[in-house]
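Q: coordinates for the following, if possible.
(chains A and B)
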Amino acid sequence: MTFTIPIENGNGVKNAEADSQRTLYPYVTGTSVVAIKYKDGILMASDMGGSYGSTLRYKNIERMKAIGKHSLLGASGEISDFQEIMRYLDELILNDNMWDDGNSLGPKEVHNYLTRVMYNRRNKFNPLWNTLVLGGVKNGHKYLGMVSMIGVSFEDNHVATGFGNHLARPILRDEWREDLSFEDGVKLLEKCMRVLLYRDRSAINKLQIANITEECVTVSEPYSLKTFWGFSAFTNPS
Amino acid sequence: MSSIGTGYDLSVTTFSPDGRVFQIEYASKAVDNSGTAVGIKCRDGIVMGVEKLIASKMMLPGSNRRIHSVYRHAGMAVAGLAADGRQIVARAKSEARSYESVYGDAVPVKELSERVASYVHLCTLYWWLRPFGCGVILGGYDRDGPQLYMIEPSGISYKYFGAAIGKGKQAAKTEIEKLKLSEMTCREGVIEVAKIIYKLHDEAKDKAFELEMSWICEESKREHQKVPEDLLEEAKTAAKTALEEMDAD
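A: Modelled structure (predicted):
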């Protein structure tokens, strides 16, 4: 991203080139990501869809990636900006690994780095159009946080992006408890994802659940949820 | 063998009548005065080891790293002026990163060694720059398998199956030639390199030293990393026993 100094002529018009490089709208977007803390770590779920406006154009986009040994990043919003963030993080983790001193960046550090990047881009009016969910476990401490495209960042026991905030979080507020088992956590996430599947038009029935514990990070193979459409109102709409 | 330049050795941009550039040769002397660095290419990877001469008893073990990771799949062992070495490593890291940025794949070791060599050579072309006073052993693992290169202060870079620079390089090279490298695994290579370094360390001239070793092999998932603690301890014990056996005769 180049930073051209705005040229001012008599009308106070700025450099046209600088303007054409700012992000104005998102093009290919991913929908909600939902994540919860559970007994052994963090569980995160997202579907594999990439929408091009109202068209569901891409159906095999992995929106959750492992970062280093201790973190997991899920992203909604502009997919190309997510890929750019992955490049920044790859460089961050590579430099961290090259010290070879026994230390490695934990989720709190990665979350802080992302917050700084997102907030600074927002201040230049050139945001990375994403809402990011960052979860991880290091030295027994579980961490789950979120950063939005305007740089708002916080930590919580359960987070969601996009429609997930409106549809999934109320479920989580009622049903999340400390020390959920892995199976209960997956059931809870699937409940949220099912509601999103029914009600979010940009959701597709192909999701992945990622699990991060002290020992390892795994992103599951894609699978689909069972849905029920046999309501009498559908068969006999009158 | 030292010969006085008498007037032809004041600048790196001056040739002597017999076609030598003395400043570069003097730079190599700086490398020859430092602790030995050894690199070998085994069947399944590269092993590098450095004889880190300890300048002061107050230094913490594990500090003053002489072997640096240049990228995931490559590492450099440095001998000579440490500050010059840091500059070369930084340049190598930057070249590797820019290659990946442009071509989307990890830099091939040959390409990296050529870029580093041409940077080192650059500093031998201008009178306002001095040559680097350090030599570098670059080991890496790419799709052509494990490779070992050595870059000298003159900017020459050759591919080796065994290389040594520093004080004990002659003795080290003799020892390496005795090894059957094509049949050796990296695990065995670590023990052999430790034995070589312990053997060529001169107790009389230099006091204490610390052994620093790294490898890139199938076991390390083709990533450059320090040799694991337990294997390093095993190598040190084996090396010390070998020395005692030698002294015993």
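Q: switch to C-alpha atoms for all contacts and neighbour counts from now on
A: Fine.
Q: chain A contacts on chain B?
A: Taking C-alpha under 8 Å from any C-alpha of the partner chain, the part of chain B that reaches chain A is made up of B:68, B:69, B:70, B:71, B:72, B:225, B:226.
Q: geometric centre of chain A: which residue is closest?
A: Nearest residue to the geometric centre of chain A (C-alpha atoms, centre = their mean): residue A:75, 2.3 Å.
Q: sec struct for the nearest residue in space to that one that is not next to it in sequence, please.
A: Beyond its immediate neighbours in the sequence, the residue positioned closest to residue A:75 (C-alpha to C-alpha, 6 or more residues apart in numbering or on different chains) is residue A:132, lying 4.5 Å away. Using DSSP: H, G, I helix; E, B strand; the rest coil, the structure places residue A:132 in strand.
Q: what's the burial count for residue A:132?
A: 28 (other C-alpha atoms under 10 Å in any protein chain shown).
Q: also residue A:91?
A: Using other C-alpha under 10 Å, residue A:91 is surrounded by 13 other residues.
Q: quick check: it vs residue A:68, distance?
A: According to C-alpha to C-alpha, to the nearest Å, residue A:91 and residue A:68 sit 11 Å apart.
Q: now flag whichever of the residues of chain B next to chain A is closest to chain A.
A: Checking the residues of chain B next to chain A against chain A by C-alpha to the nearest C-alpha gives residue B:69 as the nearest, at 5.2 Å.
Q: ok now whichever strand or helix holds that closest one, how far from the chain's centre?
A: In this assignment (DSSP states H and E), residue B:69 forms part of strand B:67-71. Its chain's C-alpha centre and that of strand B:67-71 lie 11 Å apart, by C-alpha atoms, centre = their mean, to the nearest Å.
Q: pairing partners for it, with directions?
A: Next to strand B:67-71 in the sheet, as set by DSSP bridges, lie strand B:74-80 (antiparallel).
Q: can you pull the buried residues of the helix or strand following the partner strand?
A: Where DSSP H and E defines the elements, the next helix or strand beyond strand B:74-80 is helix B:82-103. Buried residues in helix B:82-103, counted by 16 or more other C-alpha atoms under 10 Å in any protein chain shown: B:82, B:84, B:85, B:88, B:89, B:91, B:92, B:93, B:95, B:96, B:97, B:99.
Q: kindly report the same for stretch B:154-163.
A: By 16+ other C-alpha under 10 Å, the buried positions in stretch B:154-163 come out as B:154, B:155, B:156, B:157, B:159, B:160, B:161, B:162, B:163.
Q: what does chain A have sitting close to chain B?
A: Near chain B, when you scan chain A using C-alpha under 8 Å from any C-alpha, you find A:94, A:98, A:99, A:100.
Q: dump the residues you listed to CSV, plus neighbour count, pLDDT and secondary structure.
A: Rendered in CSV, the data for the residues of chain A next to chain B read as follows (neighbours: other C-alpha atoms under 10 Å in any protein chain shown; pLDDT from 0 to 100; DSSP: H, G, I helix; E, B strand; the rest coil):
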residue, neighbour count, pLDDT, secondary structure
A:94, 17, 93, helix
A:98, 17, 90, helix
A:99, 15, 87, coil
A:100, 15, 84, coil
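Q: and those residues, which is closest to chain B?
A: Checking the residues of chain A next to chain B against chain B with C-alpha to the nearest C-alpha, the nearest one is residue A:98 at 5.2 Å.
Q: hang on, the closest one packs against residue B:73?
A: No. Residue A:98 lies out of contact with residue B:73 (C-alpha atoms under 8 Å); the separation is 10.5 Å.
Q: could you identify the helix or strand that succeeds the lowest-mean-pLDDT helix or strand in chain A?
A: Sorting the helices and strands of chain A by mean pLDDT, DSSP states H and E puts helix A:16-20 at the bottom, at a mean of 66. Using DSSP H and E, the next helix or strand after helix A:16-20 towards the C-terminus is strand A:28-30.
Q: hmm, who's touching that following strand?
A: Contact with strand A:28-30 is made by A:48-53, A:63, A:75-80, as judged by C-alpha atoms under 8 Å, 6 or more residues apart in numbering or on different chains.
Q: for these, which one is nearest chain B?
A: Distance to chain B across these (C-alpha to the nearest C-alpha) is lowest for residue A:80, with 16.0 Å.
Q: could I get the full set of helices for the chain?
A: Picking chain A for this. A:16-20, A:79-98, A:107-123, A:163-175, A:182-199, A:232-235 (DSSP state H).
Q: correction: the question concerned chain B.
A: B:22-32, B:82-103, B:109-122, B:169-178, B:186-200, B:229-248.
Q: can I get the second one in PDB? Just the C-alpha atoms.
A: Which is helix B:82-103. The C-alpha coordinates for helix B:82-103 follow below in PDB (Å, rounded to 0.1, in the frame of the first residue of the first chain):
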ATOM      1  CA  ALA B  82      30.400 -11.000  14.600                       C
ATOM      2  CA  ALA B  83      29.000  -7.700  13.700                       C
ATOM      3  CA  ASP B  84      29.800  -8.200  10.000                       C
ATOM      4  CA  GLY B  85      28.100 -11.600  10.300                       C
ATOM      5  CA  ARG B  86      24.900 -10.100  11.600                       C
ATOM      6  CA  GLN B  87      24.800  -7.800   8.600                       C
ATOM      7  CA  ILE B  88      25.100 -10.800   6.200                       C
ATOM      8  CA  VAL B  89      22.400 -12.700   8.000                       C
ATOM      9  CA  ALA B  90      20.100  -9.800   8.000                       C
ATOM     10  CA  ARG B  91      20.600  -9.400   4.200                       C
ATOM     11  CA  ALA B  92      20.000 -13.100   3.600                       C
ATOM     12  CA  LYS B  93      16.800 -12.900   5.600                       C
ATOM     13  CA  SER B  94      15.700 -10.000   3.600                       C
ATOM     14  CA  GLU B  95      16.500 -11.700   0.300                       C
ATOM     15  CA  ALA B  96      14.700 -14.800   1.300                       C
ATOM     16  CA  ARG B  97      11.600 -12.800   2.300                       C
ATOM     17  CA  SER B  98      11.600 -10.800  -0.900                       C
ATOM     18  CA  TYR B  99      11.900 -13.900  -3.000                       C
ATOM     19  CA  GLU B 100       8.900 -15.400  -1.400                       C
ATOM     20  CA  SER B 101       7.000 -12.200  -1.700                       C
ATOM     21  CA  VAL B 102       7.600 -12.000  -5.500                       C
ATOM     22  CA  TYR B 103       7.600 -15.700  -6.500                       C
END
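Q: number of nearby residues for residue B:171?
A: As a burial measure, residue B:171 scores 15 neighbours (other C-alpha under 10 Å).
Q: if you rank the contacts of strand A:28-30 by neighbours, which is first?
A: Counting neighbours by other C-alpha under 10 Å, residue A:75 comes out on top of those with 31 neighbours.
Q: wait, it sits on residue A:84?
A: No. With contact defined as C-alpha under 8 Å, residue A:75 does not reach residue A:84; the gap is 11.7 Å.
Q: re earlier: tabulate the helices of chain A (CSV), appending distance to residue A:31.
A: Shown next, in CSV, are these (distance: least, C-alpha to C-alpha, whole Å):
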stretch, distance to residue A:31
helix A:16-20, 26
helix A:79-98, 10
helix A:107-123, 19
helix A:163-175, 7
helix A:182-199, 10
helix A:232-235, 26
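Q: pick out the shakiest of those helices, pLDDT-wise.
A: Comparing mean pLDDT across those, the lowest value falls on helix A:16-20: a mean of 66.
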